[in-house]
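Asker: Please find the sequence and the predicted model below.
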Amino acid sequence: MQEVLHFLSELKENNNKEWFDQNRGRYEKCRKKMIFFTELIIHEINRFDPSVGIQDPKQCVFRIFRDVRFSSDKTPYKTNMGSFIVKGGKKSFCAGYYVHIEPGASFVGGGSYCPPPEALKAMRTEIFDNPDEFKQLIYSKSFRTLYPELYDDKLKTAPKGFPKDFAEIDLLKYKSYAFGSNLKDSDVTSTDFVSKVVSALKELHPVNRFLNTALDKWL
């Protein structure tokens with residue numbers, strides 16, 4: 001993946017259409033590497049989470065083109081490559097598995113990021129009904145070593161429909177149930193990169209199962 005990191009580093013310094021067009025061949029080569037990597041990960045995930053199924057890796061890799069319509073930042077390209085592997089495809093609101101490749105900012109993780117209101121309510125309800133089970137999953141030593149905290153975007157008060165005096169009300173305030181584990185560039189370019197990623201994603205599986213059970217039960 002060294003070539004991918006090099007390309008993305010140069011893209012960050014030359015984020016314009018002229019440079020990208022001149023280097024489109026390099027981009028296509030890097031994209032093929034990302035697709036191949038994603039295919040490997042899909043097969044490994046299915047060993048411990050067969051609910052994901054064998055998917056087309058091309059459909060799991062995000063486009064590099066940015067949607068700039070509503071953004072003040074008009075640079076046309078993302079300076080990262082990412083894959084989201086999840087039951088129902090990457091537009092699904094199910095909890096899944098994510099790999100993010102970016103020079104100096106790569107990470108592996110997943111869960112459910114910014115789910116729609118009905119899905120978020122279902123997850124909160126499942127946590128409300130089974131707080132001890134959820135806490136055992138996210139506070140276990142092995143999980144916390146990789147995923148020390150949830151993505152920190154929270155409500156200031158208790159979400160509507162839940163009692164403010166609930167002992168674990170802080171767990172219900174999250175707007176996402178998403179987790180990430182940072183990767184060094186040396187991790188990304190190492191010969192055991194795939195095994196490191198798979199190990200981290202396998203640790204996330206019980207939490208994804210909990211969240212997806214909530215969706216199956218309440219939606």
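Answerer: Received it, and whenever you're ready, just let me know what you need.
Asker: Only C-alpha atoms from now on, for both contacts and neighbour counts.
Answerer: Fine.
Asker: where does the chain have low pLDDT?
Answerer: With pLDDT under 70 as the threshold, the chain has low-confidence stretches at 219.
Asker: what are the ranges of the helices in it?
Answerer: 2-13, 17-22, 24-48, 57-60, 117-129, 131-138, 141-146, 169-172, 185-188, 193-218 (DSSP state H).
Asker: so can I have JSON lines of those showing mean neighbour count and distance to residue 90?
Answerer: As requested, these are arranged in JSON lines below (neighbours: other C-alpha atoms under 10 Å; distance: least, C-alpha to C-alpha, whole Å):
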{"stretch": "helix 2-13", "mean neighbour count": "16", "distance to residue 90": "22"}
{"stretch": "helix 17-22", "mean neighbour count": "12", "distance to residue 90": "26"}
{"stretch": "helix 24-48", "mean neighbour count": "17", "distance to residue 90": "13"}
{"stretch": "helix 57-60", "mean neighbour count": "18", "distance to residue 90": "6"}
{"stretch": "helix 117-129", "mean neighbour count": "19", "distance to residue 90": "15"}
{"stretch": "helix 131-138", "mean neighbour count": "15", "distance to residue 90": "23"}
{"stretch": "helix 141-146", "mean neighbour count": "14", "distance to residue 90": "23"}
{"stretch": "helix 169-172", "mean neighbour count": "20", "distance to residue 90": "24"}
{"stretch": "helix 185-188", "mean neighbour count": "17", "distance to residue 90": "22"}
{"stretch": "helix 193-218", "mean neighbour count": "19", "distance to residue 90": "14"}
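Asker: Of all these, which one is nearest residue 88?
Answerer: In this view, the helices of the chain are compared for proximity to residue 88 by C-alpha to C-alpha, and helix 57-60 is the closest at 10.5 Å.
Asker: contacting residues around the closest one?
Answerer: Defining contact as C-alpha atoms under 8 Å, 6 or more residues apart in numbering, one finds that helix 57-60 is touched by 35-36, 38-39, 42, 83-85, 89-90.
Asker: Just give the nearest non-adjacent residue to residue 80, would you?
Answerer: In this structure, residue 80 finds its nearest non-sequential neighbour in residue 102, 4.6 Å apart by C-alpha to C-alpha, 6 or more residues apart in numbering.
Asker: Was I right to think the one you found contacts residue 7?
Answerer: No. Look at residue 102 against residue 7 with C-alpha atoms under 8 Å: they stay out of range, at 10.0 Å.
Asker: Residue 45 is in contact with residue 198, isn't it?
Answerer: Yes. Contact status for residue 45 versus residue 198: in contact at 7.0 Å, counting by C-alpha under 8 Å.
Asker: what about the residue nearest to residue 83 when sequence neighbours are not counted, distance to residue 189?
Answerer: Spatial nearest neighbour of residue 83, excluding adjacent residues (C-alpha to C-alpha, 6+ apart): residue 61 at 4.3 Å. Relative to residue 189, residue 61 is positioned 19 Å away (criterion: C-alpha to C-alpha, to the nearest Å).
Asker: Looking at the two, which is more packed in?
Answerer: Remark: of residue 61 and residue 189, residue 61 carries more neighbours, 20 against 14, as counted by other C-alpha atoms under 10 Å.
Asker: could you list every residue that touches residue 116?
Answerer: Taking C-alpha under 8 Å, 6+ apart as the contact definition, residue 116 lies against residue 93.
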